[in-house]
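Engineer: take a look and give me a structure for this.
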Amino acid sequence: MRFSVWPSLANPWSDVLAAAQHAEATGWDGVYVADHFMGDAGGPVPVETPTLEATAVLAALAGLTERVRLAPLVLGITYRHPAVLAKWVATTDHLSGGRLLLGVGAGWQENEHEQYGIALGPPGERITRFEEALRILRGLLDEPTTTVEGEHYTVRDAIAEPKPVQPKLPILVGGKGDRMLGAVARHADEWNMWSSPVQLAERRAVLDQRCEKHGRDPGSIATSTQALTFVLPDNGKADDLAARVAPRPAIAGTPERIAEIVGRYAEVGVDELIVPDFTLGTGSRRADALDAIIERVAPQFR
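Structural biologist: Numbering: from 1, shown residues only. As a prediction, the model looks like this:
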């Protein structure tokens, strides 16, 4: 199992960079960042909280790290035109020496679309648009020219050079609804959702069914997941913390208890656990929590 860190872009750049470089120095496998322009109305981060932009952060991290895999979790296709996005992907893969994973999703956060005048559309329309975008992305990243004439995008004999460093740059799709899992089965190399082990097992079973329907080997799609993580000195408050953040899934407790929970994820087929730093504190407190996970939990699953 891989272990990756998810620094919050609601933190200052110096803090994001410190988290990424600490992860690189201590054996973590990857660094993910979210793609939002502001907090979600009613969510844990106030809307007015200053928020860094994901593609700029990843391009900067490409030049300031050397080993960890870098990825957005996930880019909203509603405000990322796929042809323009393909150019950013290839360029950033070159900047990183071939370490980029492209994470994309259909878009969901209403308030940022409303404020910026960007159409979100109903769920069915989003998924149709998203699948057209995936066809364009895969074509431009892999083929000499790409033509896609859809309801939402049209590209004709389009070129995108240079190609990525990686012979086939992997695409991760984030989502959990039945239609999105169909898109995962048709287009993705990796799949991601927030989950508990029970939730993930149920959704992974549906994904496997979609793979069989479309003639895809389910084993060809890797699975990653994340949950709010609390590293505690003892387990006395672990259940209370997990209940307080529900319905968001949570992993809480001492490193030993965290290892037990990670074991349940391993049993249902998780290939990568992504640890958000949102609940780990900052500075030395965050560093200590990350070190506890990578030193006392991760070795049991590698």
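Engineer: in stretch 294-302, what's buried?
Structural biologist: For stretch 294-302, a neighbour-count test (16 or more other C-beta atoms under 10 Å) marks 294, 297-298 as buried. In this view, the C-beta of every residue, glycine as well, is placed from N, C-alpha and C.
Engineer: in the stretch 201-302 of the chain, which spans are helices?
Structural biologist: 238-245, 255-267, 283-296 (DSSP state H, counting those that start in this stretch).
Engineer: with mean pLDDT and distance to residue 68 as extra columns, can I get those in JSON lines?
Structural biologist: Output for the helices of the stretch 201-302 of the chain, formatted as JSON lines (pLDDT from 0 to 100; distance: least, C-beta to C-beta, whole Å):
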{"stretch": "helix 238-245", "mean pLDDT": "93", "distance to residue 68": "27"}
{"stretch": "helix 255-267", "mean pLDDT": "98", "distance to residue 68": "19"}
{"stretch": "helix 283-296", "mean pLDDT": "97", "distance to residue 68": "12"}
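Engineer: how about those, which one is nearest residue 190?
Structural biologist: Of all the helices of the stretch 201-302 of the chain, helix 255-267 sits nearest to residue 190, with 15.2 Å by C-beta to C-beta.
Engineer: list the helices and strands that closest one packs on?
Structural biologist: helix 197-213, strand 228-231, strand 250-253, helix 283-296 (3 or more C-beta pairs under 8 Å, 6 or more residues apart in numbering; DSSP states H and E).
Engineer: how about the ones you listed in a markdown table, adding distance to residue 56?
Structural biologist: Output for the helices and strands packed on helix 255-267, formatted as a markdown table (distance: least, C-beta to C-beta, whole Å):
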| stretch | distance to residue 56 |
| --- | --- |
| helix 197-213 | 31 |
| strand 228-231 | 26 |
| strand 250-253 | 30 |
| helix 283-296 | 22 |
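Engineer: determine which stretch of these is the most buried.
Structural biologist: Of all the helices and strands packed on helix 255-267, strand 250-253 carries the top mean neighbour count, a mean of 24, counting by mean count of other C-beta atoms under 10 Å.
Engineer: alpha carbons of it, as CSV, please.
Structural biologist: Taking C-alpha atoms only, strand 250-253 is exported to CSV below (Å, rounded to 0.1, in the frame of the first residue of the first chain):
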residue,chain,number,x,y,z
ALA,A,250,-12.4,9.3,10.0
ILE,A,251,-9.4,7.4,11.2
ALA,A,252,-8.6,8.3,14.8
GLY,A,253,-6.5,6.9,17.6
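Engineer: so what are the sheet partners of it and their directions?
Structural biologist: strand 228-231 (parallel) (DSSP bridges).
Engineer: perfect, I'm done here.
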